[in-house]
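Novice: build the 3D model from these lines:
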Amino acid sequence: MYEAIQILHSYWAYLVVLVVLLATINAIIGVISKREYTPKDFRISLFALITSHIQLLIGIVLLFVSPLVVWFSGTHSMGEIMKNATLRLYNVEHPLIMILMIAFITIGYSKHKKKLTSTPKLKTLAIFYTIAAVLMLSRIPWSNWF
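Specialist: Numbers count the residues shown, from 1 in each chain. From the prediction side, this is the model:
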């Protein structure tokens with residue numbers, strides 16, 4: 001079961017990275033070019049929200065079945081986890097930063113819907129999705145991707 005969930009989490013992550021970067025770049029270009037907010041912008045930002053939330057759900061399941069996540073098992077103390085770079089990445093850094101990333105996407109998406117004109121909508125998306133993209137790219141376990 002672990003391998004299937006881990007493979008799903010890994011391959012879905014490619015889609016999340018692609019869509020979040022696409023939504024971020026789309027919002028930044030919209031702000032810079034001062035273009036009108038369109039239904040396409042809405043769909044791209046919504047798709048980034050949906051894919052990232054699905055990835056979160058898969059990741060939460062993975063937290064409970066992964067042999068790399070040891071803080072629930074009681075076999076390692078928090079001090080041991082924090083001293084080991086691999087255990088720290090999978091038990092603390094990756095889950096925490098990815099939850100923050102999804103929070104920024106969710107907040108940005110929610111705030112942009114309340115804006116009435118195009119420029120504030122795109123600016124809100126650009127700011128929050130850029131922060132989310134930077135967080136996401138900072139804590140991906142790149143050594144496992146390539």
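
Novice: what's near enough to touch Trp71?
Specialist: Applying C-beta atoms under 8 Å, 6 or more residues apart in numbering, one finds that Trp71 lies in contact with 78, 81, 91. The way it works is simple: take the backbone N, C-alpha and C, and place the C-beta from them, glycine included.

Novice: next one: phi and psi at the residue located most distally from the centre of the chain?
Specialist: No residue in the chain has its C-alpha farther from the mean C-alpha position than Thr75, which lies at 28.9 Å (C-alpha atoms, centre = their mean). Backbone torsions for Thr75, taken as degrees, to the nearest 10, come to phi -80, psi -20.

Novice: show me the helices in the protein, by range?
Specialist: Per DSSP state H, the chain carries helices over the ranges 2-33, 39-65, 78-83, 85-88, 94-114, 118-138, 142-145.

Novice: dump those into TSV; add mean neighbour count as well.
Specialist: Conversion of those to TSV gives the following (neighbours: other C-beta atoms under 10 Å):
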stretch	mean neighbour count
helix 2-33	16
helix 39-65	17
helix 78-83	12
helix 85-88	13
helix 94-114	18
helix 118-138	20
helix 142-145	9
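
Novice: now the ones you listed in CSV, with mean pLDDT and distance to Trp71?
Specialist: Compiled in CSV, those are given as follows (pLDDT from 0 to 100; distance: least, C-beta to C-beta, whole Å):
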stretch, mean pLDDT, distance to Trp71
helix 2-33, 95, 16
helix 39-65, 95, 9
helix 78-83, 86, 6
helix 85-88, 86, 8
helix 94-114, 96, 10
helix 118-138, 96, 21
helix 142-145, 72, 19
